[in-house]
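*Asks:* Take this sequence and fold it.
(2 chains)
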Amino acid sequence: MRKIYTRRDKVLLLAAVCLVVAGFAFGQSNDIIDAVLEENMLSYGNAAYLVLVASDQLEETASPQEAVSELEELGFAVSGRNASDTVNFGEYSYLLMEALGFPGGLMYRLVPGPRYAARDVAAMRIAEGYAMPGMAVSGERALRILGRALAYAEGERL
Amino acid sequence: MSLRKTIRPWRLVLAATILLFGAAGTAVAFDYDYGGALDNTTVLGFSDMYDDTEVDQDFRLGAWFFGVERFQTGSTLEVTATGSYSATEDRAYVFDLDLLRAKGIFPGALGSTSLLETTVGRTGFSDPTGLVLNHVADGALVNLTYPKVRLRLGGAYTGLLISPSSSIRISETDYFEQSTDDEFFGPKRTIALFDVGFAGMTLFGLAQFDLRDEDDGTTIDTQYVGIDGTTRLGRSGYWDNFLVASAGQSTVAAVDNEFYAFILGTGLRFFLEDVRFSRASFRGIYASPFLPVEDEIGFNINEFKPINEPTLGLAFSPRLSNLILTELSYSLRPFAGPTRHPSLDEVETSIVGRGYFRGYTGDSDYIANFDPDSDALYLGTEIELGVAARVLTDLGAGLRTAVFVPATGSSGAFSEERKAEWALRFDLSTGF
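*Replies:* Model prediction:
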């Protein structure tokens, strides 16, 4: 069943991830945030859009499809994925780590990918709650994680 | 037909499993992760008392699995399995099962504000002080939490723990078995615990029963009742107090004995996040010795016997029995400023001072070189320095060094033959 978000819910959630919203406040990005919030399973296109806009590597007026193309150019795309496909927690963590330039732990440096990205995102306390590579990630959780990741990147302790 | 024959053990296990996890509802998602771990601990000991430098090295290669099933009701079922192959200087043994447990978490199962947690398998069991029991065992735990009260009930068996992994040591037979390679498994004991927590304090009961025959040597059953409480002091301080009274029944060479003992302690803890995450603490613990007070109270007080021995120091770690321990510690993260340091933020340095005293002048025969003519209680002082760091998210390292200076001469309990002891411990751990 699709979650129904009231305007108040959206405002509260957006306030919680204000660092993200600062880059997504207008036009196209607002529509995409609405779409992300309604996703029980985050789509690859929206994941790409979120991490690239948040890391200033994509214009907020771009589309999720363009975000996927940009990921491929940047060299950390998840192979074989279309914009409408879903991403799991490990894949989203990997996009986040690469986009924000987190060096990761020993294993991530040796074998960068979703498996150890999920571990590092949990170890850095960016992700709260269960953090297993293959688990589904909702749009709402993805935004929360992104907000905490940006705070971490700016030197905050989580 | 006896009850034992009618109720098969597997049916009891099945019934317990259904009771513990049956109320979860329909599953909506199962997720899992797995990996490995590599740990090394090396401890070097130096002293003029030793013939050579003592080296204790523990190399552990482990594997783990964690899975979680989530249900429509909001309940979750977690499965954790952790095993390791350990090689030590003393004894290399086959793969050991460190944890194997299923844990159900049921919010609202017994009232809208309740949280019910049930755990079965090999898991950690501890009393609220952590000084009487803090060990893994095979059994079940039920926790029921309401906003103002917590209840916990548990039972466990310790006879399936591999002997080198078991520090369940109470009787002299237990310690003898620990020093030999003759027993594959640790002492066979059952443990029962119950506690209730409210308003910053916990009342608890704990008991262990020796399942071995008297023919196997000394058998000891012990029971403990206690109170543990914490009072908040201002914004960042805590005052901890506890008292545990115990009774025991021992059988030595077909002679039954009863004994009574106690342990009490107090402590202060302060955490100052603004001062580079400083932590300062003091604690004092008194573990009863043998006290001949039968004429005054009708029975003698005996040496306190915890279910497993807590580690108290690095260079010197006596049993928590006939002991007064005073400990002052301070730690901080020197590179942790107002914002997170990119690489050195989690480097932590610490200094600890410990004063050891015996509670009564009777000798403790497991400690060498007491002065038989000394009435002094002072055993000595230990100073420990340490630095620990999470170098990377999956790489941790620690270095601790300590010196124990024994008290000798007219003011000390030891003879001149007892010399200072130094210890150096290095820990390295990573996961993959």
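
*Asks:* so what's residue B:190 up against?
*Replies:* Applying CB atoms under 8 Å, 6 or more residues apart in numbering or on different chains, we find residue B:190 in contact with B:155-158, B:208-209, B:211. No exception for glycine: its C-beta is placed from N, CA and C like everyone else's.

*Asks:* Now list the buried members of these.
*Replies:* The neighbour-count criterion (16 or more other CB atoms under 10 Å in any protein chain shown) marks B:155-156, B:158, B:208 among the contacts of residue B:190 as buried.

*Asks:* now the lengthiest helix in chain A, how far from the centre of its chain.
*Replies:* Ranked by number of residues, the top helix in chain A under DSSP state H is helix A:139-153. When distances are taken as CA atoms, centre = their mean, to the nearest Å, helix A:139-153 is centred 7 Å away from the chain's centroid.

*Asks:* show me where pLDDT drops low in the stretch 301-432 of chain B?
*Replies:* Per-residue confidence for the stretch 301-432 of chain B (pLDDT under 70) gives these ranges: B:362-365.

*Asks:* Spell out which residues of it are next to chain A.
*Replies:* Counting by CB under 8 Å from any CB of the partner chain, the residues of the stretch 301-432 of chain B close to chain A are B:339-340, B:342, B:345, B:392-395, B:430-432.

*Asks:* Spatially central residue in chain B, please.
*Replies:* Nearest to the centroid of the C-alpha atoms of chain B, with distances taken as CA atoms, centre = their mean, sits residue B:134, at 3.0 Å.

*Asks:* And it, how far from residue B:126?
*Replies:* Residue B:134 sits 4 Å away from residue B:126, going by CB to CB, to the nearest Å.

*Asks:* for residue B:64, same thing?
*Replies:* With distances taken as CB to CB, residue B:64 is found 21 Å from residue B:126.

*Asks:* how about the nearest residue to residue B:407, chain neighbours excluded?
*Replies:* Nearest-residue entry for residue B:407: residue B:378, 4.3 Å, with adjacent residues in sequence omitted and distances by CB to CB, 6 or more residues apart in numbering or on different chains.

*Asks:* Residue B:390 too?
*Replies:* Looking at residue B:390 with CB to CB, 6+ apart, the closest residue is residue B:346, at 4.5 Å.

*Asks:* thinking the one you found is in contact with residue B:389, fair?
*Replies:* Yes - in this structure residue B:346 lies within contact range of residue B:389 using CB atoms under 8 Å: 6.1 Å.

*Asks:* Any residues of chain A in contact with chain B? List them.
*Replies:* Taking CB under 8 Å from any CB as the criterion, the neighbours of chain B within chain A are A:104-109, A:116, A:118-120, A:123-124, A:130, A:132-136, A:152, A:155-157.

*Asks:* And these, which of them are buried?
*Replies:* With burial judged by 16+ other CB under 10 Å, the buried subset of the residues of chain A next to chain B is A:104-108, A:116, A:118-120, A:123-124, A:130, A:132-133, A:135-136, A:152.

*Asks:* so what secondary structure elements neighbour the helix or strand containing residue B:258?
*Replies:* Residue B:258 is located in strand B:255-272, with elements delineated by DSSP states H and E. Applying 3 or more CB pairs under 8 Å, 6 or more residues apart in numbering or on different chains; DSSP states H and E, we find strand B:255-272 packed against strand B:237-252, strand B:278-287.
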